[in-house]
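>>> task: produce atomic coordinates for the following.
(one chain, ligands or ions: 1)
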Amino acid sequence: MNLRFDDSSITVAIVGCGGFIGSHLLDAVLERTRWRVFGVDLDFYRLQHRLNHERCEFLCADLADPAVVERIAQFPLVVNLAAICTPSRYMGEACEVIRSNYDHPATLATACARSGSWLVHFSTSEIYGRTLPDSGELIEDETPAVFGPVAASRWSYATAKLLAERFIAGLPGLKWTVVRPFNFVGPYMDFMPGVDGEGIPRVLANFSTALLRGEPLKLVNGGKAKRCFTSVHDAVDFLFALFAAGSGLPDAGSETAVNIGSKTAPGVFSQAFNVGNQENEVSIAELAGKMRTIFAKVRGVDVSTLPEPQIVSGEEYYGVGYDDSMRRMPSVAKAERLLGFKARIPLDVALEESLSWFVGHYDTGASS
Ligand code: UDP
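Residues are numbered from 1 along each chain as shown. Below you'll find the predicted structure:
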């Protein structure tokens, strides 16, 4: 497979192109390569500035349509980002969550195995399951996972994602790479409840919404869980390191080392990669403190004028069946070893960029 960045005959299919990560990836593909993009999504509001771009074709569809799946699989590189990934939906819509995170990716993977496309499939760091406060680094090919009971429907998402990974890994002839994101953050993440989405978005959008509305930040079960927040720009850099390394590798599952430019790259196919930033670990209570401070700075007010955070129980906040991972520390050794990739953007920089964007985007009066 030869995926030179200056080859204008290449088209990458981005499924979920209109989403948070997809929109950043699209921009980067257009800026850093001469490739064309075939973008599939149900919603394109984040892509208004790209809708008439000469190197883009967009299709408003999802993977439930077999003809769409076949069309996507005609391209040499397919990045699948499409998924329901809003925690509050894991609780009440388990079947839809499983369809979107298992059935659809499995169909796409089957089509890619037939056509020979390289499938870069976005999984989740949730596949490591119900981690404990003292859980150590989560290592791609070593760490075992424990999930909550069936009644804890939070795990509908993680188990569907895990099954999709296993299906992909077991599919004969498929050229695949799985990406496990660790709490990506940045502009265009999620939505503001009641404005451009319903339900409870992930923590950053929730905290940003509360700050804009002058409401207290809600700390679920005291905000003791820890996460390693990772800038979406690092995530995009990871993908480019992956594309560069995968270009020129001969076959699915190959462990053969080949020369790429001046570097020797071992196989990146048939691999799952964590993408995260170990240095950005923070408890959710600490995150609340940081976001209040940044918001006060952006607004030019004293932090003491903002409401104090409030503790709420997980069940009260998300509903029956909520459960949590208490620590999610990625091992990043594999991405460093195989791709020479390491996330670089510090937590405070990523948070300030995200929150400033959120304030600029939503603070129009429509938000309150
Ligand atoms: N959380 C919180 N307040 C909120 C939203 C989330 O305390 O308003 C907590 C949630 O319980 C979890 C962490 O923040 O411990 C991260 O949640 P998120 O939904 O962002 O994603 P996750 O990493 O759990 O997939």
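
>>> residues near W176, how many?
Residues contacting W176 under the criterion other C-beta atoms under 10 Å number 23. Bear in mind the C-beta positions are built from the backbone N, C-alpha and C, glycine included.

>>> my guess is it contacts W118. True?
Yes: W176 is in contact with W118 according to C-beta atoms under 8 Å; the separation is 7.4 Å.

>>> anything in contact with each of the two?
Counting by C-beta atoms under 8 Å, 6 or more residues apart in numbering, the common neighbours of W176 and W118 are 112, 269.

>>> for R32, give me its contacts.
The neighbourhood of R32, defined by C-beta under 8 Å, 6+ apart, consists of 5, 240.

>>> oops, could you answer that again for A151 instead?
Applying C-beta under 8 Å, 6+ apart, we find A151 in contact with G321.

>>> return the backbone torsion pair for it.
The phi/psi pair for A151 (degrees, to the nearest 10) reads phi -70, psi -20.

>>> pick out the residue in the stretch 51-200 of the chain sitting closest to the ligand.
Minimum separation of the stretch 51-200 of the chain from the ligand (C-beta to the nearest ligand atom) falls at P87, amounting to 4.1 Å.

>>> enumerate every residue touching that residue.
Counting by C-beta under 8 Å, 6+ apart, P87 makes contact with 154, 157, 200, 202, 318.

>>> keep those residues, but drop any that are not near the ligand.
Of the residues in these, proximity to the ligand by C-beta under 6 Å from any ligand atom holds for R202.

>>> of the contacts of P87 - the most surrounded one?
Of the contacts of P87, with other C-beta under 10 Å as the count, Y157 tops at 27 neighbours.

>>> so it sits in a helix?
Yes: going by DSSP: H, G, I helix; E, B strand; the rest coil, the assignment for Y157 places it inside a helix.

>>> ok, it touching N101?
Yes: with contacts defined as C-beta under 8 Å, Y157 counts as touching N101 at a distance of 6.1 Å.

>>> anything in contact with each of those two?
Between them, Y157 and N101 share the contacting residues 84-85, judged by C-beta under 8 Å, 6+ apart.

>>> other SSEs contacting the host helix or strand of R337?
Assigning secondary structure by DSSP states H and E places R337 in helix 333-339. On a contact count with 3 or more C-beta pairs under 8 Å, 6 or more residues apart in numbering; DSSP states H and E, helix 333-339 meets helix 232-246, strand 271-275.

>>> pull the distance from it to the chain's centre.
Here helix 333-339 shows a centroid-to-chain-centroid distance of 19 Å under the convention C-alpha atoms, centre = their mean, to the nearest Å.

>>> after it comes which helix or strand?
helix 347-362.

>>> give me the buried positions along that following helix.
Neighbour-count burial for helix 347-362, with 16 or more other C-beta atoms under 10 Å as criterion, is recorded at 347, 350-356, 358-359, 362.

>>> sorry, back to before: so which of the contacts of P87 is the closest to R213?
Relative to R213, the closest of the contacts of P87 is I200; by C-beta to C-beta it sits at 14.2 Å.

>>> S88 is in contact with the closest one, correct?
Yes: under the contact definition of C-beta under 8 Å, I200 touches S88, with a separation of 3.8 Å.

>>> with respect to E31, which of the buried residues of helix 347-362 is nearest?
Relative to E31, the closest of these is E353; by C-beta to C-beta it sits at 17.5 Å.

>>> wait, isn't the closest one in contact with S231?
Yes: applying C-beta under 8 Å, one finds E353 in contact with S231, separated by 7.4 Å.

>>> tell me the residues that contact both of these two, please.
Common contacts of E353 and S231 (C-beta under 8 Å, 6+ apart): G186.

>>> and the pLDDT for G248?
Per-residue confidence (pLDDT) for G248: 68.

>>> and what of T86?
T86 carries a pLDDT value of 84.

>>> report the closest residue of the stretch 251-368 of the chain relative to the ligand.
Scanning the stretch 251-368 of the chain for proximity to the ligand using C-beta to the nearest ligand atom identifies I284 as nearest, at 4.3 Å.

>>> quick check, that residue in contact with G223.
Yes: under the criterion of C-beta under 8 Å, I284 makes contact with G223 at 3.8 Å.

>>> buried ones in the strand or helix carrying I168?
Under DSSP H and E, the secondary-structure element containing I168 is helix 155-170. Of all the residues in helix 155-170, those buried under the rule 16+ other C-beta under 10 Å are 155-165, 167-168.

>>> in JSON lines, list those along with pLDDT and distance to Q278.
Converted to JSON lines, the buried residues of helix 155-170 look like this (pLDDT from 0 to 100; distance: C-beta to C-beta, whole Å):
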{"residue": "W155", "pLDDT": "93", "distance to Q278": "25"}
{"residue": "S156", "pLDDT": "93", "distance to Q278": "28"}
{"residue": "Y157", "pLDDT": "95", "distance to Q278": "24"}
{"residue": "A158", "pLDDT": "96", "distance to Q278": "21"}
{"residue": "T159", "pLDDT": "96", "distance to Q278": "26"}
{"residue": "A160", "pLDDT": "97", "distance to Q278": "27"}
{"residue": "K161", "pLDDT": "97", "distance to Q278": "22"}
{"residue": "L162", "pLDDT": "98", "distance to Q278": "23"}
{"residue": "L163", "pLDDT": "98", "distance to Q278": "28"}
{"residue": "A164", "pLDDT": "98", "distance to Q278": "26"}
{"residue": "E165", "pLDDT": "98", "distance to Q278": "22"}
{"residue": "F167", "pLDDT": "98", "distance to Q278": "29"}
{"residue": "I168", "pLDDT": "98", "distance to Q278": "26"}
